[in-house]
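J.: 3D model of this:
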Amino acid sequence: DNGLLPQDPSSLGPATAGLEAAAAEAARGGSNASEFVRVRSYTVSITYDKYYMVPRMWLFGYDEDGTPLRPAQVFEDMSSDHAKKTVRVNIVHPNLC
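T.: Have a look, this model is predicted:
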């Protein structure tokens, strides 16, 4: 026993493995070509608002090509309970301006 946990088949492998498999399937004209899910990534920054005395979480979203997401695209990734209620779109991060 090497002390490692067995690989969970439901877990995701490296991102490039999925992309390579999808590209190979698309090249063969397979059915997975139309089912390929594009991935968005987020960079997270947490600040503290001294006036309201609450933490604030800042999300900077990017698509697979590294292009920043538009506000409407960010709201697609938020739960409907929070989108446009407790989640706001601020263009300028207070510590990065």
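J.: give me the number of neighbouring residues for D81.
T.: Neighbour count of D81, defined by other Cβ atoms under 10 Å: 8. All C-beta atoms are positioned from the backbone trio N, CA, C, and that covers glycine.
J.: that one in helix, strand or coil?
T.: Following DSSP: H, G, I helix; E, B strand; the rest coil, D81 is assigned to coil.
J.: now it: how far from V87?
T.: 10 Å (Cβ to Cβ, to the nearest Å).
J.: what does S79 give?
T.: S79 is 9 Å from V87, by Cβ to Cβ.
J.: list phi and psi for V74.
T.: phi -60, psi -40 (degrees, to the nearest 10).
J.: contact partners for it?
T.: Residues counted as contacts of V74 (Cβ atoms under 8 Å, 6 or more residues apart in numbering) are L59, G61, V89.
J.: show me just the buried residues among those residues.
T.: G61 (16 or more other Cβ atoms under 10 Å).
J.: which of S79 and V87 has more residues huddled nearby?
T.: More neighbours surround V87 than the other of S79 and V87, with 16 against 9 (other Cβ under 10 Å).
J.: from I46, how far off is that one?
T.: According to Cβ to Cβ, V87 stands 15 Å off from I46.
J.: next one: D77
T.: Relative to I46, and taking Cβ to Cβ, D77 is found at 18 Å.
J.: neighbour count winner among the two?
T.: Each of D77 and I46 has its neighbours counted (other Cβ under 10 Å); D77 has more, 13 against 8.
J.: the more buried one: what's it in contact with?
T.: R40, Y42, G61.
J.: Three-state assignment for the last one, please.
T.: Think G61. strand.
J.: show me what it bridges to in the sheet.
T.: Beta-bridge pairing of G61, defined through DSSP bridges, involves Y42.
J.: quick one, helices of the protein?
T.: 15-27, 32-35, 71-76 (DSSP state H).
J.: mind listing what's buried along stretch 66-84?
T.: L69, V74.
J.: next, the contact list for V89, please.
T.: By Cβ under 8 Å, 6+ apart, the neighbours of V89 are P71, V74, F75.
J.: just those residues now: which is nearest M53?
T.: Ranked by distance to M53 (Cβ to Cβ), these are led by V74 at 25.5 Å.
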